[in-house]
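Chemist: what follows is a predicted structure for the sequence shown.
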Amino acid sequence: MLLRQLRETMAEPLGSQARLDKIVGLIADNMRADVCSFYVLRDDGALELFATKGLAAESVHMTTLRLGEGLVGIIAAEAEPLSLDDAPSHPAFAYRPETGEDPYSAFLGVPVLRAGQTLGVLVVQNTERRHYGEDEMEAMLTTATILAEMIATSDFDNLIKPGSDIDLRRPRMFTGVSFTDGIALGTVVLHDPRVVVTNFIAEDTEQEKSRLNTALERMRVSIDAMLDHGDMQPSSDHRDILETYRMFANDRGWVHRLTEAIENGLSAEAAVERVQNDTRARMMRQTDPYIRDRLHDLDDLANRLLRVLTGDHQGIGRNLPDNAILVARNIGPAELLEYDRTKLRGIVLEEGGATAHVAIVARSLGMVAVGRAQSIVSMCESGDDIIIDGAAGLVHLRPTPDIEQAYIDKVKVSAKRRAHYAALKNIPSITKDGIEITLLHNSGLVADLPMLDDTGAAGVGLFRTELQFMIASKLPRLGEQMDLYAEAMAIAKDRPVVFRLLDIGGDKVLPYLRSDSEENPAMGFRSIRLGLDRPGLLRTQIRALLMAANGRPLKILVPMVTETFEFRQTRMVVNKEVDRLRRAGKAVPSKLELGVMVEVPSLLFELDQLLPEADFVSIGSNDLVQFLTASDRANPRVAKNYDPIGLPRLRAIRHVVDAARKYNVPITMCGELAGKPVDALALMAVGMTRLSMGPASIGPIKELVLNLDLTPIRQSVAAALSDGASGVPIRALLQEWIEKQGLPI
Ligand code: PEP
Ligand code: MG
């Protein structure tokens, strides 16, 4: 009855205030309440009385309560309903004389939520003491769902106090983790866009229930089908998530709450949204990461159900606005690459770590990226303005004009800096005291190779061949691999490219490659271990590399070597393929070099056996530091606790550098450390002269090199690393020196 009247009121040609006045009147009549009031949360944290039936009319838009103040403030802050027989006796009751509130005892207030955020509070009051029943509470919550939609989608801005805005539209800042440097200003594109519900009120409750049941059934079937899909890895996160979905989809409590909302007069999709609102509100207030994750899963499931109900099957890769900034809970590298890269400026994730693969792909595409921006997905809408400050790991959602201006100025400065860096590209990379530092790119996609011309880098120090495999939907064939390598060499021209053999496994999961469940994938069946165990895969890749070289020099790097015999075995596979090529009368590389990655600590103690056999060495600091400190590189909770250039880590790196010098083997650093100025300085200080990094880091590191007197800092760091050192952290020592020298960092 009430809902039908509400629907009619929404269709009437009324002004916003008149419509609200009519709505509170209808609610009061239907609830047999003496008062019905509606408060809206403003961006300054005040709850403004927006409409009332029963309280003094003059107090509308005049009376305010702060968040947490009075009963209304508590409901807004906690996002929970409150029902009291005798409100004035509640300790938090805040009396506002201008409203004429004195005679009312009984009180029922519910939060008006949208996407889990409090938008306002809806209250009914009665003179006599009375207890509002469960049914009345439900009816109020249902009405609140509709009010929320009305407020969020219509033009109420003109009603609110001038200079204020609805809280939902408030500017927000998120502090996350930096994935890449750079600043991007643009427009939010939700990776998993919220489904817009337009049909809120049930015409026929039974029909809505049957729509819900059909949709639930379809969703259950599709989840089962995905789980049964033969290719899915038993151990993958994806599978875990689907298992949780299946559990929720069959959860009686959830289904019961959905059905109850329909019985209260909502359409099936509005019922899902109503229940999802409660989930989101709980999610935002939840500090336990496990429970929050489960609530996230439930939220995702509700989205799925909404899509089934509304027939909304918007796919990814759709039309993007210019300067699009993708916002997602998480995204795989392959999904990221489906978007139009000419329009995508940046990406913000709720999850992920700085060395996660999506971060690496974003970096290699020159995209600004920030991770770990908590709860951002539910706080933004596609089309919102957004600014990402990559270096600081900050995200400004709906920025104020002065923040926006500050960033526009910053962008101008950084454009100048870029121009400045571009001007350095042809200057030889030599320190002031004459030490040559070779700067190289980390790469992995053809898309990022042309940047070699812009940065003036000497070549590619690390080409991550697994990226091609990660973005493909099935295993790339010999020809496809060969084409990619040939194209990479063609773009690089006479600059060397170090092709690293497939480094899959660990967090680099290939959905089409079946593998057994592993408790500890980072230390599991991955990389060259997998390559040697599945010689077909390794042989094919080596064959593709040799053929792509077509007589030119070729450099191949072997990842995750743990013992020298693995390197030897790989060399044997390479030699066999070279012989095979020669026998077939095809061109073999004019010079073939096989290098080893030092990223498993065990190798540190076997360098005397290993190095005489290697043509070059490359240190992978991401894995080396992860394993030296036993801290998952993708988990910032632990990874950020240990400074990668802390004494033990830098000693380990220096040990490899010294050994490489002893055996006269060229050595490069290709982990993320090489692209960070202070860390790069530490590396140069222990004798590294070849640094491979994301293309965006070349300019700043080159600038550092050109202004550097390396010899004195080498001596200080050597002293600090030696036994009986002063105890000053290396980073502090370097930073102090940078300041003293006025180095450009
Ligand atoms: C490393 O471990 O430092 C490295 C360069 O390899 P990846 O990041 O691809 O594991
Ligand atoms: Mg590695």
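Modeler: Good, I have the coordinates. Ligands and ions are numbered 1, 2, ... in the order given.

Chemist: show me where the stretch 51-200 of the chain has strands.
Modeler: Under the criterion DSSP state E, counting those that start in this stretch, the stretch 51-200 of the chain contains strands at 64-66, 82-84, 106-114, 117-126, 172-175, 177-178, 183-190.

Chemist: same for the last one, what does it pack against?
Modeler: Here strand 183-190 touches strand 324-328, strand 344-349, strand 385-389, helix 401-424, going by 3 or more C-beta pairs under 8 Å, 6 or more residues apart in numbering; DSSP states H and E. Backbone N, C-alpha and C define where each C-beta goes, glycine included.

Chemist: relative to the helix or strand immediately after the last one in the chain, what are the paired strands and their orientations?
Modeler: Which is helix 401-424. Proceeding N to C from helix 401-424, the next assigned helix or strand is strand 438-443, under DSSP states H and E. Strand 438-443 pairs in its sheet with strand 460-464 (parallel), strand 690-693 (parallel), by DSSP bridges.

Chemist: could you list the low-pLDDT ranges of the stretch 201-350 of the chain?
Modeler: Counting by pLDDT under 70, the low-confidence segments of the stretch 201-350 of the chain come to 229-242, 313-318, 334.

Chemist: return the residues of the stretch 251-400 of the chain in contact with ligand 2.
Modeler: Proximity of the stretch 251-400 of the chain to ligand 2 (C-beta under 5 Å from the ion) involves no residue at all.

Chemist: closest point of the stretch 401-550 of the chain to ligand 2, which residue?
Modeler: Of all residues in the stretch 401-550 of the chain, D503 sits closest to ligand 2, with a separation of 6.1 Å (C-beta to the ion).

Chemist: give me the distance between the residue nearest to that residue when sequence neighbours are not counted and G505.
Modeler: Residue nearest to D503 in three dimensions, not counting chain neighbours: P559, with 4.3 Å by C-beta to C-beta, 6 or more residues apart in numbering. For P559, the distance to G505 equals 10 Å [C-beta to C-beta, to the nearest Å].

Chemist: who has more neighbours, these two?
Modeler: For P559 against G505, the residue with the higher neighbour count under other C-beta atoms under 10 Å is P559, and the figures read 26 against 23.

Chemist: that one reaches N622, doesn't it?
Modeler: No. Under the criterion of C-beta atoms under 8 Å, P559 lies out of contact with N622, with a separation of 11.1 Å.

Chemist: identify the contacts common to the two.
Modeler: Where contact means C-beta atoms under 8 Å, 6 or more residues apart in numbering, the residues bridging P559 and N622 through contact with each are E599.

Chemist: contacting residues for G390?
Modeler: Contact analysis of G390 by C-beta under 8 Å, 6+ apart lists 178-184, 346, 368-370.

Chemist: ligand 2: which of those residues is nearest?
Modeler: Scanning the contacts of G390 for proximity to ligand 2, where the rule is C-beta to the ion, the winner is F179, at 17.0 Å.

Chemist: break this protein down into its structural domains.
Modeler: Following the assignment in automatic domain parsing, the chain carries domains at 2-167, 172-190+322-397, 205-310, 401-741.

Chemist: need those in CSV with distance to ligand 1, can you?
Modeler: Converted to CSV, the domains of the chain look like this (distance: least, C-beta to the nearest ligand atom, whole Å):
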stretch, distance to ligand 1
domain 2-167, 36
domain 172-190+322-397, 6
domain 205-310, 18
domain 401-741, 3
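
Chemist: mean pLDDT lowest for which of these?
Modeler: Mean pLDDT across the domains of the chain is lowest at domain 205-310; the value there is a mean of 80.

Chemist: next one: that domain to chain centre, how far?
Modeler: The offset between the C-alpha centroid of domain 205-310 and the centroid of the whole chain comes to 22 Å, using C-alpha atoms, centre = their mean, to the nearest Å.

Chemist: what's the most buried one of the domains of the chain?
Modeler: domain 172-190+322-397 (a mean of 21; mean count of other C-beta atoms under 10 Å).

Chemist: start to end distance for it?
Modeler: Between the start and the finish of domain 172-190+322-397 there is a gap of 5 Å, counting by C-alpha to C-alpha, to the nearest Å.

Chemist: list the contacts of stretch 707-725.
Modeler: If you take C-beta under 8 Å, 6+ apart as the criterion, stretch 707-725 is touched by 431-433, 435, 647, 650-651, 654, 681-682, 684-687, 726, 728, 730, 733-734, 737, 741, 743-744.

Chemist: ok, for the most centrally placed residue in the chain, nearest residue in space, not its chain neighbours?
Modeler: What sits nearest the mean C-alpha location of the chain, by C-alpha atoms, centre = their mean, is L349, with 1.8 Å. In space, L349 comes closest to G371 once its chain neighbours are excluded; the distance is 4.6 Å by C-beta to C-beta, 6+ apart.

Chemist: closest one to V197 among the domains of the chain?
Modeler: Between V197 and the domains of the chain, the shortest separation by C-beta to C-beta is 4.6 Å, and it involves domain 205-310.

Chemist: might one say that the residue nearest to the centre of the chain is in contact with N330?
Modeler: Yes. Applying C-beta under 8 Å, one finds L349 in contact with N330, separated by 5.8 Å.

Chemist: overlap in contacts, the two.
Modeler: In terms of C-beta under 8 Å, 6+ apart, L349 and N330 are both contacted by the residues V358.

Chemist: do I have it right that N303 meets H191?
Modeler: No. Because the distance of 11.3 Å does not satisfy C-beta under 8 Å, N303 is recorded as not touching H191.

Chemist: show me what from this protein comes close to ligand 2.
Modeler: Counting by C-beta under 5 Å from the ion, the residues of the chain that sit close to ligand 2 are 599, 620, 623.

Chemist: in TSV, list the residues you listed along with distance to L510 and secondary structure.
Modeler: Formatted as TSV, the residues of the chain next to ligand 2 follow (distance: C-beta to C-beta, whole Å; DSSP: H, G, I helix; E, B strand; the rest coil):
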residue	distance to L510	secondary structure
E599	20	coil
G620	20	coil
D623	18	helix
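
Chemist: which of those residues lies closest to L298?
Modeler: Distances from L298 to the residues of the chain next to ligand 2, taken as C-beta to C-beta, are shortest for D623 (34.8 Å).

Chemist: for the closest one, which non-adjacent residue is spatially closest?
Modeler: The spatial neighbour of D623 that comes closest, neighbours along the chain excluded (C-beta to C-beta, 6+ apart), is E599 at 3.8 Å.
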